[in-house]
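# please work out how this folds:
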Amino acid sequence: MNKNLFKISPGFEDIMPAEYRELVHDGPYGKNLGVSDLGTFKELLEEHPLCAGCGLALSLRLILASLPNPEDTIIVGSTGCSSLAFPQVGVHNIHSLFGNQNAVASGLKRALKLRFPEKTKDVVAIAGDGATADIGLDMVMHSWFRRENIATIMLDNEAYANTGGQESGMSPQGTVLYMAPKGKKFPKISLPEIAREVGCAYVAVGSPAQPRPLEKMVRRTILVAREIGPTYLQ
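Residues are numbered from 1 along each chain as shown. Sure, this is the predicted structure:
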């Protein structure tokens, strides 16, 4: 789980897929690259099965390009649209049960600290609004209560898009969705305010429409979690 592992064993160079060879030789591992360098290196996510024009796909590309140390980063995902892209991501990642990502990330962070006490391993929980604010809210909150050194990033598309567009706690009030045919009755959950209230060391709200500010937020979310405590980016 460091840049020395992202190498092809001698004798296998010629039989590995071209995409894999490009990632090993031209990827961002150990090079301190970022969003402004996109187009000059092999990205950690290029092809994916998400819908054409999906903002979540762009968000993932920007988040992955913003990782401070991708060679020492482990992403814990969950069921949802983003889980369709993770098999194509060039970073160690785990698919947890729906909403269980912060519990898995907590245990993983502790295990990595025991296994690699001399190294820094960043654990990032990345999931949609359903897995973060609805189904997994209890495990998200308790990871914050325990002051776990993990970063939580919510991909907020304000609905359960992977199953057709049902309302979530993050859907804005009045939004018409399959489970809210007359418009959602209740306001959108103010999870950033909750995160601040329970003591997250860093809380931010970003957008893929602003790549460079988002890059700064991603880096701060991970670096503050590494040194101080739980962080949250929406």
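
# from here on, just use CA atoms for contacts and neighbour counts.
OK.

# residues in contact with Val198?
Trp144, Phe145 (Cα atoms under 8 Å, 6 or more residues apart in numbering).

# need phi/psi at it.
With angles defined as degrees, to the nearest 10, Val198 sits at phi -90, psi 0.

# next one: Tyr202
phi -150, psi 130.

# how much space between it and Gly130?
22 Å (Cα to Cα, to the nearest Å).

# among these two, which residue is more densely surrounded?
With neighbours defined as other Cα atoms under 10 Å, Tyr202 and Gly130 compare such that Gly130 has more, 29 against 22.

# that one against Ser171, yeah?
No. Between Gly130 and Ser171 there is no contact under Cα atoms under 8 Å: 9.8 Å.

# so what sits against both of those two?
Common contacts of Gly130 and Ser171 (Cα under 8 Å, 6+ apart): Ala159.

# and the protein, what are its domains?
3-156+190-233, 160-187 (automatic domain parsing).

# which strand residues bridge the most centrally placed residue in the chain?
Centroid check for the chain by Cα atoms, centre = their mean gives Ile126 as the closest residue, at 3.0 Å. Ile126 has these beta-bridge partners by DSSP bridges: Ile153.

# all strands of the protein, in order?
73-77, 92-95, 122-128, 151-155, 202-204, 231-233 (DSSP state E).

# got TSV for those strands, with mean pLDDT and distance to Leu58 too?
Shown next, in TSV, are those (pLDDT from 0 to 100; distance: least, Cα to Cα, whole Å):
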stretch	mean pLDDT	distance to Leu58
strand 73-77	96	17
strand 92-95	94	18
strand 122-128	97	14
strand 151-155	97	11
strand 202-204	98	18
strand 231-233	99	16
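
# which of these sits closest to Ile222?
strand 151-155 (5.5 Å; Cα to Cα).

# give me the longest helix you can find in this protein.
helix 211-227 (DSSP state H).

# figure out how far that helix is from the centre of its chain.
12 Å (Cα atoms, centre = their mean, to the nearest Å).

# where's the closest residue to Asn157 other than its chain neighbours relative to Ala161, distance?
Spatially, and ignoring its direct neighbours in sequence, Asn157 is nearest to Asp129 (6.9 Å; Cα to Cα, 6 or more residues apart in numbering). Separation of Asp129 from Ala161 (Cα to Cα): 10 Å.
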